[in-house]
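> A predicted structure for the sequence below; I have some questions about it.
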Amino acid sequence: PTHTPPPVASGPAAMGKQPKRRNWRKAKIEDVEEALEDERLVNKLKRKAAADKGTSEAPELFTVDTAGSCEGLSSASKRAIARAKIFPPKGPNLGLSASEE
């Protein structure tokens, strides 16, 4: 078992390989200004809401239901709801063949 080094590339492409030039598009100044303006407005609204609320957090977007939506239901009805979610009701069996569609 002798160790052989990996083959070395030869030819004009391997000698002086230049990095590919990327074709950058010029950003439209109006779009950049609009994006910066939107960002400033969002930050302003966040600061205003924080000052009104007295906290530094943004207003809550989601509420977490810690009690559960099935609170106060019997276990049999909870089981029936879970079964209905997992196994939806089937449609009518029309008995059509492939040519009758």
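Nice, thanks for sending it over. Small disclaimer: the values here were computed from a predicted structure and weren't measured.

> so residue 43 is in which element?
helix 29-53 (DSSP states H and E).

> next: residue 83.
Per DSSP H and E: helix 75-86 holds residue 83.

> any chance you could list what contacts that helix?
70, 73 (CB atoms under 8 Å, 6 or more residues apart in numbering). Bear in mind the C-beta positions are built from the backbone N, C-alpha and C, glycine included.

> let's see it at 6 Å
residue 70 (CB atoms under 6 Å, 6 or more residues apart in numbering).

> averaged pLDDT, that helix. What do you get?
Across helix 75-86, the average pLDDT comes to 88.

> please shift the residue numbers so they start at 14 in all later answers.
Sounds good: first residue 14 from here, last item helix 88-99.

> for it, buried residues please.
Of the residues in helix 88-99, none count as buried by neighbour count, 16 or more other CB atoms under 10 Å.

> tell me how far that helix lies from the chain's centre.
Centroid separation between helix 88-99 and its chain, computed with CA atoms, centre = their mean, to the nearest Å, is 30 Å.
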